[in-house]
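Asks: return atomic coordinates for the entry below.
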Amino acid sequence: MLSTTLREQSPLFARLLHLFDCLFAVGLLAALVFWYQVPWSIHYTRICWIVFFACFISFQSFQLYRSWRGWSFFSELICLLKAWSAVFGLLLFYFFLFKIAEAYSRVVFMVWMIMTPVLIFILHLVARKALRFFRRNGKNRRHAVVAGAGDLGRQLLKEVESLPWAGIDVVGFFDDKLDDDHPLTVAGRPVLGRIRDIADYLSKNDIDYVYIALPMRAEKKIFSILRECRSLGARVYLIPDLYLYGLHHAEIQSLGKLLILNFNPHSDWKRGFDVVFSLLALLLASPLMLVIALLIKLGDGGPMLYAHERITTRGRKFKCLKFRTMRVGADQELAALLASDPTLEEEWEKHFKLKDDPRITRMGRFLRRTSLDELPQFINVLKGDMSVVGARPIVGRELREYYKNSAGLYCSMKPGITGPWQVGKRSDTDDYDERVRLDDWYILNSSLWTDMKIIVKTVVALFKSKGAY
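Replies: Below you'll find the model as predicted:
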């Protein structure tokens, strides 16, 4: 009963929330005027009316009261900030046009400008949390059907099932591939008929959403659904099969009136984090780095740093810096070493490093065990060749021989000082395919929160020193 009531009244709730937000913005302004004991005048009365109508129009124009079912909280916050920016921009224009800014308290308006969107968002957050609670408990649900039972349709079902708070129940699929070999159910949902049967099904059943999950080459079927079903009470959504390009870390952008796929992911936030974190790390670790450099120099008189060629974004090469952990001339010794021992050669071919490498110095073994040899890589981060967190820095041969179909994905982001490989098995990972999968997972799931978790886990892994050599 509650589910039906919420469903029928949702447009009314949206209108009431819209009205409440406008009144709240006006009420908060009036409350702040009295709180700061600013004398009320006709100017404040006028501005309250302007605020109310500006909010009413702007909030609706930016679709703040659309159905946010399945959307993130951040998306709604961005929408609210855009709508509020329009309101405040209009007020600034009003002050400039009539030259009456001195009639208002600047303190009141600054506090009001900041508090209003924050408090409105908190109110919306509470409302959405309440709705999510009802949906998780089977209330206020929406019913959907999917046109297309292929990979795209199954991917859609999987995504919907991962969002129980969205309150969307997929009733079943429609697909034309109905023959003796085709199952009557797909991913636990029944196949309700062919594509041409959707309109008849909608006219007889209460369906809220129709998701078109057909390949773009099936444009005739897509157009027929749009032509026949948009007047039957359900909202129609097209799921473009461009999701396949997500495997290559792409995002949809616009170029004028055209939609384009950008295979160069936006990472400004990551660059800013990398610079700040690296500067702090180098500042705090500089005394330790100086001591390590002096010990290496005093050990055999050789260079303190070792630069090895690695791969970064777009397949470019760079010199990855480390404290030198091997004796001078170790590179020239490698070929003879591998030729003398087939076991070592097999290990090198598999891991591109040796667990008990005889070329490593005593000081170098300690640096590797504690991962202190990688501290100079923060210089690479500042130069823009690496990130603090990312995929493993690899050589060109690894990219060609092992990454293969994942090579393009790997080259879409900078390699990292640490990453999922280091907080997991590190060098103990025997299966190289698993290493590639770890790198793919990180690139497809990169976020500030993911980076922070990996950094914390890295600190724990360093104390354990497991898998480092």
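
Asks: what's the first helix or strand after the helix or strand where residue 46 lies?
Replies: Using DSSP states H and E, the element containing residue 46 is helix 42-61. On the C-terminal side of helix 42-61, the closest following helix or strand by DSSP H and E is helix 73-98.

Asks: let me see the backbone angles for residue 64.
Replies: phi -70, psi -20 (degrees, to the nearest 10).

Asks: do residue 360 as well
Replies: The phi/psi pair for residue 360 (degrees, to the nearest 10) is phi -80, psi 140.

Asks: how about the closest residue to residue 105 other than its chain neighbours, secondary structure?
Replies: With sequence-adjacent residues excluded and distances taken as Cβ to Cβ, 6 or more residues apart in numbering, residue 105 is closest to residue 38, at 4.6 Å. Backbone N, C-alpha and C define where each C-beta goes, glycine included. Under DSSP: H, G, I helix; E, B strand; the rest coil, the three-state class of residue 38 is coil.

Asks: again with residue 332
Replies: When classified by three-state DSSP, residue 332 comes out as helix.

Asks: next one: it from residue 359, what distance?
Replies: 10 Å (Cβ to Cβ, to the nearest Å).

Asks: tell me which of those two has more neighbours.
Replies: Neighbour count, other Cβ atoms under 10 Å: between residue 332 and residue 359, residue 359 has more, with 16 against 8.

Asks: OK, contacts around the more buried one?
Replies: Shown in contact with residue 359 (Cβ atoms under 8 Å, 6 or more residues apart in numbering): 326, 327, 330, 333, 334, 337.

Asks: next up, phi/psi of it, please.
Replies: Dihedral angles for residue 359 - degrees, to the nearest 10 - are phi -80, psi -10.

Asks: quick one: the contacts of residue 359 as a markdown table, columns for pLDDT, neighbour count and distance to residue 292 too.
Replies: Output for the contacts of residue 359, formatted as a markdown table (pLDDT from 0 to 100; neighbours: other Cβ atoms under 10 Å; distance: Cβ to Cβ, whole Å):
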| residue | pLDDT | neighbour count | distance to residue 292 |
| --- | --- | --- | --- |
| 326 | 82 | 19 | 15 |
| 327 | 81 | 15 | 16 |
| 330 | 72 | 19 | 18 |
| 333 | 68 | 14 | 23 |
| 334 | 70 | 15 | 24 |
| 337 | 70 | 16 | 26 |
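
Asks: closest one of those to residue 399?
Replies: Nearest to residue 399 among the contacts of residue 359: residue 334, at 19.9 Å, using Cβ to Cβ.

Asks: excluding residues flanking it in the chain, which one is nearest residue 319?
Replies: Closest residue to residue 319 apart from its sequence neighbours, by Cβ to Cβ, 6+ apart: residue 307 at 3.9 Å.

Asks: show me how far the helix or strand containing the one you found is from its chain's centre.
Replies: Under the criterion of DSSP H and E, residue 307 resides in strand 305-311. On the basis of Cα atoms, centre = their mean, to the nearest Å, strand 305-311 sits 30 Å off its chain's mean C-alpha point.

Asks: keeping just the C-alphas, turn it into CSV.
Replies: Taking C-alpha atoms only, strand 305-311 is exported to CSV below (Å, rounded to 0.1, in the frame of the first residue of the first chain):
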residue,chain,number,x,y,z
LEU,A,305,70.9,6.8,-8.6
TYR,A,306,70.0,4.3,-11.3
ALA,A,307,67.7,5.3,-14.2
HIS,A,308,65.9,2.6,-16.1
GLU,A,309,63.8,3.1,-19.2
ARG,A,310,60.0,2.6,-18.6
ILE,A,311,56.7,3.3,-20.3
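
Asks: who does it pair with, and is each partner parallel or antiparallel?
Replies: According to DSSP bridges, strand 305-311 forms sheet pairs with strand 317-323 (antiparallel).

Asks: can you list the neighbours in contact with the strand it pairs with?
Replies: With Cβ under 8 Å, 6+ apart as the test, strand 317-323 has contacts from 292-293, 296, 304-312, 364, 367, 372-377, 379-380, 383, 385-386, 393, 396.

Asks: any idea of the mean pLDDT in that strand?
Replies: Strand 317-323 carries an average pLDDT of 92.

Asks: so how far is it from its chain's centroid?
Replies: For strand 317-323, the distance to the chain centre is 29 Å (Cα atoms, centre = their mean).

Asks: going forward, begin numbering at 21 instead of 1
Replies: In the new numbering, first residue 21, that becomes strand 337-343.

Asks: can you give me the buried ones in that strand?
Replies: By neighbour count on 16 or more other Cβ atoms under 10 Å, the buried set for strand 337-343 is 338, 340, 341, 342, 343.

Asks: which of these sits closest to residue 67?
Replies: For those, the nearest to residue 67 is residue 338 (56.9 Å; Cβ to Cβ).

Asks: who does the closest one form a beta bridge with?
Replies: For residue 338, the beta-bridge partners are residue 330 (DSSP bridges).

Asks: measure it to residue 466 for me?
Replies: When distance is defined by Cβ to Cβ, residue 338 is 20 Å away from residue 466.

Asks: if we can go back for a sec, residues contacting the strand holding residue 327, please?
Replies: 313, 337-346, 396, 413-416, 419, 430-431, 435.

Asks: go again using 7 Å as the cut-off
Replies: The contact list for strand 325-331, computed with Cβ atoms under 7 Å, 6 or more residues apart in numbering, reads 337-344, 396, 413-416, 419, 435.
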